[in-house]
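S.K.: test case, fold it:
(one chain, ligands or ions: 1)
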Amino acid sequence: MIRSEIIGTGVFLPETIVTNDALSRRVDTSDEWIRERTGIRERRIVRDGETTSMLAVAAARAALMDAAIDAGELDLIVVATTTPDETFPATATTVQSRIGMAHGAAFDVQAVCSGFIYGLSVADNFIKAGQARTVLLIGAETMSRLLDWTDRGTCVLFGDGAGAFVLQAREGEGTIKDRGVLNTKLYSDGRLHDLLYVDGGPSLTQTTGHLRMKGKEVFKHAVTNIAAAIEASAAQAGLKVSDIDWFVPHQANQRILDGTAKKLGIDPARVISTVAVHGNTSSASVPLALQTALDDGRVKRGDLVLLEAMGGGFTWGAALVRW
Ligand code: UT7
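M.R.: Predicted structure coming up:
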């Protein structure tokens with residue numbers, strides 16, 4: 001059985017750090033409120049002229065270097081983003097040209113904060129179907145460009161950044177001992193559009209629009225949906241949730257991470273959290289959090305790692321990976 005093994009990872013964060021205190025000089029908020037309600041201490045924000053594709057290219061280069069391959073060996077680029085450089089073409093094709101790949105295919109996936117999990121599923125299925133051998137998957141966002149900087153209910157929550165995986169086909173045994181992606185579970189419910197959306201777009205308003213969110217209601221759905229996705233992924237692999245070594249959640253709010261862990265009886269020490277220093281970077285948050293745990297030695301070769309996310313749409317999902 002063909003498995004998609006993750007042979008390289010890379011991330012990129014913009015240089016500028018914006019603290020809660022800095023935000024409290026812009027809107028009526030405080031470091032105390034933001035920390036208590038979200039766990040966020042600071043976030044990175046792009047400088048003028050710095051775009052999603054620039055972050056994506058930097059993360060891609062790091063992942064290619066980690067995998068020790070060059071762009072010529074890639075068959076496909078998938079970029080998960082909700083903040084593309086342009087309405088079209090896809091940011092993935094911009095990345096394709098910047099990394100010097102003149103063949104294959106490149107396209108974007110739009111699933112907002114679940115984009116990296118959706119993209120991982122797409123990449124895995126292209127590989128399993130034999131349509132691609134080596135895939136570059138990137139989650140990259142400049143969420144700061146979508147925010148209403150006068151809305152304290154949303155502007156304190158998000159940050160910018162990018163993370164990338166290089167996936168490659170390997171022959172596996174078809175058991176959960178195989179390295180690589182073991183399964184992906186994707187869900188959406190379009191009826192919940194109004195809880196989290198952007199009030200603009202080319203067809204509707206001919207503007208980019210701003211992010212709008214009913215935070216409390218999103219919060220309630222988040223814990224339930226994410227817990228169900230984790231259980232479904234574990235069950236499909238014939239595992240108990242307690243068999244999984246590490247949980248790498250989308251980083252929206254520390255209270256969502258804690259609530260999900262509590263609901264499923266997960267030891268909080270097994271949950272990778274970087275929300276304090278990244279904020280919510282949408283589709284970049286899972287690879288950014290995972291990189292931290294790879295770099296500090298928590299996640300090791302052979303570990304069972306559960307990646308999960310939820311975002312606008314609503315969309316949500318989980319992926320089980322043997323590292
Ligand atoms: O990435 C995908 C999805 N996004 C999420 O998962 C986000 C989910 N939601 C959340 O994380 C939380 O609901 C928030 C962090 C957004 C809000 O926390 P909350 O505990 O649900 O607060 P709330 O919205 O009920 O607001 C409580 C109070 C309100 O004041 P009143 O009406 O009680 O007087 C807000 O106006 O806090 C006020 N408030 C703020 N105060 C200071 C809202 N934002 C702020 C702020 N600073 N930044």
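
S.K.: quick one, strands of the stretch 151-300 of the chain?
M.R.: Under the criterion DSSP state E, counting those that start in this stretch, the stretch 151-300 of the chain contains strands at 160-171, 180-188, 196-198, 211-213, 246-249.

S.K.: pull out the buried residues from the second one.
M.R.: Along strand 180-188, the positions that meet the burial threshold by neighbour count (16 or more other Cβ atoms under 10 Å) are 180-188. (Glycine included, C-beta is placed from N, CA and C.)

S.K.: now swap in the longest one and tell me
M.R.: Of the residues in strand 160-171, those buried by neighbour count under the rule 16+ other Cβ under 10 Å are 160-170.

S.K.: can I get the longest helix seen in the chain as PDB, trimmed to CA atoms?
M.R.: Looking across the chain with DSSP state H, the single longest helix is helix 215-236. Output in PDB follows, covering the C-alpha atoms of helix 215-236 (Å, rounded to 0.1, in the frame of the first residue of the first chain):
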ATOM      1  CA  GLY A 215     -16.800  34.100  19.000                       C
ATOM      2  CA  LYS A 216     -18.800  32.500  21.800                       C
ATOM      3  CA  GLU A 217     -20.900  30.400  19.300                       C
ATOM      4  CA  VAL A 218     -17.800  29.400  17.300                       C
ATOM      5  CA  PHE A 219     -16.200  28.300  20.600                       C
ATOM      6  CA  LYS A 220     -19.100  26.000  21.500                       C
ATOM      7  CA  HIS A 221     -19.000  24.200  18.100                       C
ATOM      8  CA  ALA A 222     -15.200  24.000  18.100                       C
ATOM      9  CA  VAL A 223     -14.800  21.700  21.100                       C
ATOM     10  CA  THR A 224     -17.600  19.300  20.000                       C
ATOM     11  CA  ASN A 225     -16.600  19.100  16.400                       C
ATOM     12  CA  ILE A 226     -12.900  18.800  17.000                       C
ATOM     13  CA  ALA A 227     -13.400  16.100  19.700                       C
ATOM     14  CA  ALA A 228     -15.600  14.100  17.200                       C
ATOM     15  CA  ALA A 229     -13.000  14.400  14.400                       C
ATOM     16  CA  ILE A 230     -10.300  13.100  16.800                       C
ATOM     17  CA  GLU A 231     -12.400  10.200  17.900                       C
ATOM     18  CA  ALA A 232     -13.300   9.300  14.300                       C
ATOM     19  CA  SER A 233      -9.700   9.400  13.200                       C
ATOM     20  CA  ALA A 234      -8.500   7.200  16.100                       C
ATOM     21  CA  ALA A 235     -11.400   4.700  15.500                       C
ATOM     22  CA  GLN A 236     -10.600   4.400  11.800                       C
END
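
S.K.: which helices and strands sit right next to that helix?
M.R.: Secondary structure elements in contact with helix 215-236, counted by 3 or more Cβ pairs under 8 Å, 6 or more residues apart in numbering; DSSP states H and E, are strand 180-188, helix 254-264, strand 304-311, strand 315-322.

S.K.: that older thread, any chance of the strands of the stretch 151-300 of the chain in TSV, plus distance to the ligand?
M.R.: Shown next, in TSV, are the strands of the stretch 151-300 of the chain (distance: least, Cβ to the nearest ligand atom, whole Å):
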stretch	distance to the ligand
strand 160-171	14
strand 180-188	13
strand 196-198	6
strand 211-213	6
strand 246-249	10
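
S.K.: got the ones you listed as CSV, with mean pLDDT columns?
M.R.: Formatted as CSV, the strands of the stretch 151-300 of the chain follow (pLDDT from 0 to 100):
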stretch, mean pLDDT
strand 160-171, 99
strand 180-188, 98
strand 196-198, 98
strand 211-213, 98
strand 246-249, 98
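
S.K.: make CSV from those strands and add distance to residue 92 to it.
M.R.: Compiled in CSV, the strands of the stretch 151-300 of the chain are given as follows (distance: least, Cβ to Cβ, whole Å):
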stretch, distance to residue 92
strand 160-171, 12
strand 180-188, 19
strand 196-198, 20
strand 211-213, 22
strand 246-249, 23
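
S.K.: between those strands, which one is closest to residue 32.
M.R.: Nearest of these to residue 32, taken as Cβ to Cβ: strand 211-213 at 21.3 Å.

S.K.: sheet partners, orientation included, of that closest one?
M.R.: Strand 211-213 pairs in its sheet with strand 196-198 (antiparallel), by DSSP bridges.

S.K.: how many residues are close by the nearest residue to residue 16 once chain neighbours are set aside?
M.R.: In space, and not counting its chain neighbours, residue 16 is closest to residue 45: 5.2 Å by Cβ to Cβ, 6 or more residues apart in numbering. Using other Cβ atoms under 10 Å, residue 45 has 22 other residues around it.

S.K.: any figure for the gap between residue 45 and residue 37?
M.R.: Noted for residue 45: a distance of 20 Å to residue 37, by Cβ to Cβ, to the nearest Å.

S.K.: what does the stretch 1-150 of the chain have sitting close to the ligand?
M.R.: 29, 33-34, 37-38, 113 (Cβ under 6 Å from any ligand atom).
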